[in-house]
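Novice: Generate coordinates for the sequence data below:
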Amino acid sequence: MASSVVFLACLVAPVNARSSGREKPYAVIFGTVWDPDGHPLYGVKVKIRRANDKKARWELYSNHTGEFAQRLPAGKADYIVSADVKGYKLPSGRQLKPGAEVTVHIDYDERSDIGLHLDW
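Specialist: This next block holds a predicted model:
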């Protein structure tokens, strides 16, 4: 009986009693890295920076389906997203070149979907 009371209390109690119950708003850049033949690429380093910054603030890697996602602060801002292929080896031995950087404009707490297309 006591264990069922504890179980029910866990169901109705907030996950973090000290939190205000509201998560801070955020934006998301979601994308896919593509090779020149249109295939998604795994393990490509993706760099994201604010448009007025010189260095990337966020670095992440594409997953097995070529996808990546990064949370960003909500609010008006422009971001530059690029692929870094230094040291990236294809099984075929062909060398990839980074494609064009993608500029993403965020207004508040939205999701922006992009594609990073690489070159030979």
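
Novice: beta partners for the residue most central in space within the chain?
Specialist: Centroid-nearest residue in the chain: residue 69, 2.0 Å away (criterion: Cα atoms, centre = their mean). Taking DSSP bridges as the rule, residue 69 bridges to residue 30.

Novice: surely it meets residue 26?
Specialist: No. Look at residue 69 against residue 26 with Cβ atoms under 8 Å: they stay out of range, at 11.2 Å. The way it works is simple: take the backbone N, C-alpha and C, and place the C-beta from them, glycine included.

Novice: anything in contact with each of the two?
Specialist: With contacts defined as Cβ atoms under 8 Å, 6 or more residues apart in numbering, no residue is shared by residue 69 and residue 26.

Novice: Which residue comes closest to residue 85 once chain neighbours are left out?
Specialist: Nearest residue to residue 85, sequence neighbours excluded (Cβ to Cβ, 6 or more residues apart in numbering): residue 96, at 4.6 Å.

Novice: Enumerate every residue touching that neighbour.
Specialist: With the criterion set at Cβ under 8 Å, 6+ apart, residue 96 makes contact with 35-36, 85, 88, 90, 118-120.

Novice: now do residue 63
Specialist: residue 42.

Novice: what about residue 73, how many residues close to it?
Specialist: 12 (other Cβ atoms under 10 Å).

Novice: what's the closest non-adjacent residue to it?
Specialist: Excluding its sequence neighbours, the residue lying closest to residue 73 (Cβ to Cβ, 6+ apart) is residue 26, at 6.6 Å.

Novice: And the one you found, how far from residue 72?
Specialist: Separation of residue 26 from residue 72 (Cβ to Cβ, to the nearest Å): 6 Å.

Novice: which of the two has more neighbours?
Specialist: Shown here are residue 26 and residue 72; by other Cβ under 10 Å, residue 72 has more neighbours (19 against 16).

Novice: Would you agree that one is in contact with residue 105?
Specialist: No. Using Cβ under 8 Å, residue 72 makes no contact with residue 105, being 11.7 Å away.
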